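Participant: next come a sequence and a model predicted from it.
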Amino acid sequence: MRRLRGAVVERLNQGMTVDDVVHDFDFPAELFDVPWRAENYGRRERPSARP
């Protein structure tokens, strides 16, 4: 989790928005791809662009 926090703080310090950070970061599978940490309030993937 420290690695995750450091990566988030680094991106925020670069001027990225929270949404940009969420979509830019590669989430470690061992931390987030488990049933009890399922996404509930959003998605990490960006929605596809509308035509």
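Facilitator: Yep, it's here.

Participant: any idea how far Glu10 is from Leu31?
Facilitator: 18 Å (C-beta to C-beta, to the nearest Å). All C-beta atoms are positioned from the backbone trio N, CA, C, and that covers glycine.

Participant: kindly report the same for Val21.
Facilitator: 16 Å.

Participant: more crowded one of the two?
Facilitator: Each of Val21 and Leu31 has its neighbours counted (other C-beta atoms under 10 Å); Val21 has more, 16 against 11.

Participant: residue contacts, that one?
Facilitator: Val8, Arg11, Leu12 (C-beta atoms under 8 Å, 6 or more residues apart in numbering).

Participant: tally of neighbours for Pro13?
Facilitator: Pro isn't right for residue 13; it's Asn. 8.

Participant: got the contact list for it?
Facilitator: Neighbours of Asn13 in contact, by C-beta under 8 Å, 6+ apart: none.

Participant: quick one on the thing from earlier: tell me which of the contacts of Val21 is nearest to Arg37?
Facilitator: The closest of these to Arg37 turns out to be Val8 (C-beta to C-beta; 16.3 Å).

Participant: format the contacts of Val21 as a markdown table; extra columns: distance to Trp36.
Facilitator: Output for those, formatted as a markdown table (distance: C-beta to C-beta, whole Å):
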| residue | distance to Trp36 |
| --- | --- |
| Val8 | 21 |
| Arg11 | 26 |
| Leu12 | 27 |
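
Participant: can you give me the strands in the chain?
Facilitator: Counting by DSSP state E, the chain has no strands to list.

Participant: low-confidence regions, it specifically.
Facilitator: 1, 38-51 (pLDDT under 70).

Participant: ranges for the helices of it?
Facilitator: Ranges of helices in the chain, per DSSP state H, are 2-13, 18-24, 29-32.

Participant: need the winner for burial among these.
Facilitator: Ranked by mean neighbour count, the helices of the chain are led by helix 18-24 with a mean of 13 (mean count of other C-beta atoms under 10 Å).

Participant: let me know the closest of the contacts of Val21 to Pro35.
Facilitator: Using C-beta to C-beta, the contacts of Val21 come closest to Pro35 at Val8, 23.6 Å.

Participant: sounds good, over and out.
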